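> give me coordinates for this.
(2 chains)
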There are 2 protein chains.
Amino acid sequence: MTTTPAVQQQPTPERFFNAVNAYQLTEAIKSAIDLEVFTAIAEGHTTSADMAKRCGVAERGARILCDFLVVHQFLTKEKTHYGLAADSALFLDRHSAAYVGTATDFLLTPRLRDCHAHLTEAVRRGGTALEEGMVEPENPDWVKFAQGMMPMMSKAAEIMAIELRKGGEVRKVLDIAASHGMFGISVANENPAAHIYACDWGSVLEVAQKNAKAAGHANRYHLLPGSAFEVDFGRGYDLALITNFLHIFDRPTCTAFMRKVHAALNPGGRLAIAEEEAWEASILPLYDARSIWYSAIITKNLSLRTDATRGTFLEST
Amino acid sequence: MTTTPAVQQQPTPERFFNAVNAYQLTEAIKSAIDLEVFTAIAEGHTTSADMAKRCGVAERGARILCDFLVVHQFLTKEKTHYGLAADSALFLDRHSAAYVGTATDFLLTPRLRDCHAHLTEAVRRGGTALEEGMVEPENPDWVKFAQGMMPMMSKAAEIMAIELRKGGEVRKVLDIAASHGMFGISVANENPAAHIYACDWGSVLEVAQKNAKAAGHANRYHLLPGSAFEVDFGRGYDLALITNFLHIFDRPTCTAFMRKVHAALNPGGRLAIAEEEAWEASILPLYDARSIWYSAIITKNLSLRTDATRGTFLEST
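Numbering: from 1, shown residues only, chains lettered A, B, ... in the order given. Have a look, this model is predicted:
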């Protein structure tokens, strides 16, 4: 690789041009995931010719794409052999237990991309320029979220469940915006008598139910399909989980919702909220009528809150 | 701004997620340029409320967009006041002589974006997945290039002309792929008797001619409209300029072309080639049937070659 040493004593337009061209990297990483380039290299197909056969692409295509990924440090190159950078080996090889490549299915869903394609108009309006936001009933993107984001959330869910177990065993658990189900399932793992009541859109709960079954909790897993604002949660919960949810809504909506959850808890019941950090790093709040922002930077640590009965909740403007 | 300190002892999927979301930065910087956010701040509209009035956007839209640009270090923020980072002040304020914001018109032209939207297919084929590449006759994108990239090329063209003048005065100059005309015009600036013969598509030459006129060289500026491979250049040139052109074509095409240029030069005539560096940093070679690659990283220094009569030329595969 030919590289020019970065000498930046004085201002350069470099960052501007990198930003303008940043979308090329998005496309390159998506193509590499879709074509299983990282997986192919992990399997030993380290030349562009080998990769071409394994991935069903042209040798020239493999070479140009891989060279680009070398420059962006996802791959290494030694003569004609490509290798995986440490994080690519761990997270982008489909055979790795920590594989997160499925996340592109949600993160680059056409609706989200379309939001960004109309950013200028959204800034003018102060809100999404599209007819539909992300919080429409049964938005199929949340199925993609549930399927795509599960591998990323498993570890966080496990940590959260272990932490919550320290506060006492639970028997009836409400899992709001259950999605892939991992937060509730992890609690079930730590609390052998716990029954989990998972709330989300019906289509999304199919994903959660499948995962609950795979974890051996089919008999302790119950579904509450529908809008979390409208579904009757019932009563008697020792624990309610509200994960990656409140950030989507404005403060009055959250306040009303928390009253509803509070009413469903037993005396002394607990509420656990998990949200991503790095709020201000996101332009996503623009894309929904109701102050949506969410995990643009999903790689930050989850912040875990286990306040008694009433969680403090996050300021969303 | 809330930021999480970067502790990266072990592999994290952070770089992957940043890459997946990189296109958001492209959209944000384009919106900020289009809405003149940087210019507004330079003018003193430093709060989101002031900016909203100046740019004709919602206050909430201005705030969310600017916060995002703060995170990406294009802006600074002090309480409710935004400021320009040093490079934003120099290059992104429309009132600055070094303004390069017009470059987005070319760099984000729909055809280029469409190429990238079909990257996976291009990798499969080993070439563009679109019907038309960038080298079609009279492709209007080159007019955008000429208009948009001129501010960025002026300084490079000036340096090149001064360097060339050291090798002797010239009287008849061939400017191939003249585009905005700045390379030839700069030579005219340094050589008061020089006549410039500019070759490019007719629509593009209108831009060059306008710039030549503005520089006071209307009487010394001549047009050779059409394909550089087909147009009769004539003879008797002391100097030929081939700038940002050869990279588009494969080696046999370049070889044949260089013979044509050689035939047009006087004995002892000179040939100057300017190309961008950082070849391998680009996926753009994929997007044309004839090995196109070009300045994906246009911020690298121009490499200047002034070999006698026959330039060595660059290996394009």
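
> C-alpha only now, for contacts and for neighbours.
OK.

> now do the domain split for chain A, please.
A:21-99, A:138-279+A:291-316 (automatic domain parsing).

> let me have the ones you listed in JSON lines, extended by distance to chain B.
Shown next, in JSON lines, are the domains of chain A (distance: least, CA to the nearest CA, whole Å):
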{"stretch": "domain A:21-99", "distance to chain B": "4"}
{"stretch": "domain A:138-279+A:291-316", "distance to chain B": "5"}
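
> in terms of mean pLDDT, which of these ranks lowest?
Ranked by mean pLDDT, the domains of chain A bottom out at domain A:138-279+A:291-316, with a mean of 79.

> buried residues, the biggest helix by length in chain A. List them.
Of all the segments of type helix in chain A, defined by DSSP state H, the longest one is helix A:141-165. Neighbour-count burial for helix A:141-165 flags A:141-154, A:156-158, A:160-161, A:164 (criterion: 16 or more other CA atoms under 10 Å in any protein chain shown).

> one more: stretch A:257-271?
Across stretch A:257-271, burial judged by 16+ other CA under 10 Å covers A:257-258, A:260-262, A:264-265, A:269-271.

> what's the most distant pair in the residues you listed?
Farthest pair in those (CA to CA) is A:Phe257 and A:Gly269. Separation: 16.4 Å.

> and the spatially closest residue to A:Tyr99 that is not a sequence neighbour, how many neighbours?
The spatially closest residue to A:Tyr99, leaving aside those adjacent along the chain, is A:Phe91, at 4.3 Å (CA to CA, 6 or more residues apart in numbering or on different chains). When neighbours are defined as other CA atoms under 10 Å in any protein chain shown, A:Phe91 has 22 of them.

> now do the helices in the stretch 201-317 of chain A.
A:202-214, A:251-264 (DSSP state H, counting those that start in this stretch).

> and those helices, which is most packed in?
helix A:202-214 (a mean of 20; mean count of other CA atoms under 10 Å in any protein chain shown).

> CA atoms only: put it into CSV for me.
Written as CSV, here are the backbone C-alpha positions of helix A:202-214 (Å, rounded to 0.1, in the frame of the first residue of the first chain):
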residue,chain,number,x,y,z
GLY,A,202,-46.5,-9.8,17.5
SER,A,203,-44.1,-10.4,14.6
VAL,A,204,-41.2,-9.4,16.8
LEU,A,205,-42.3,-11.8,19.6
GLU,A,206,-42.0,-14.7,17.2
VAL,A,207,-38.2,-14.0,17.3
ALA,A,208,-38.1,-13.7,21.1
GLN,A,209,-40.2,-16.9,21.5
LYS,A,210,-37.9,-18.9,19.3
ASN,A,211,-34.9,-17.7,21.3
ALA,A,212,-36.7,-18.5,24.6
LYS,A,213,-37.4,-22.0,23.4
ALA,A,214,-33.8,-22.5,22.3
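
> chain center to it, what's the gap?
The chain centre lies 17 Å from the centre of helix A:202-214; the measure is CA atoms, centre = their mean, to the nearest Å.

> same check, this time on stretch A:84-103
In terms of CA atoms, centre = their mean, the centre of stretch A:84-103 is found 15 Å from the chain centre.

> what are the buried residues along it?
Residues of stretch A:84-103 classed as buried: A:84-94, A:98-103 (neighbour count, 16+ other CA under 10 Å).

> from those, which land in helices?
Per DSSP H, those map to helices at A:86-91, A:103.

> before we move on, back to that, mind putting the helices of the stretch 201-317 of chain A into TSV with distance to B:Thr80?
Listed next are those as TSV, based on distance: least, CA to CA, whole Å:
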stretch	distance to B:Thr80
helix A:202-214	40
helix A:251-264	21
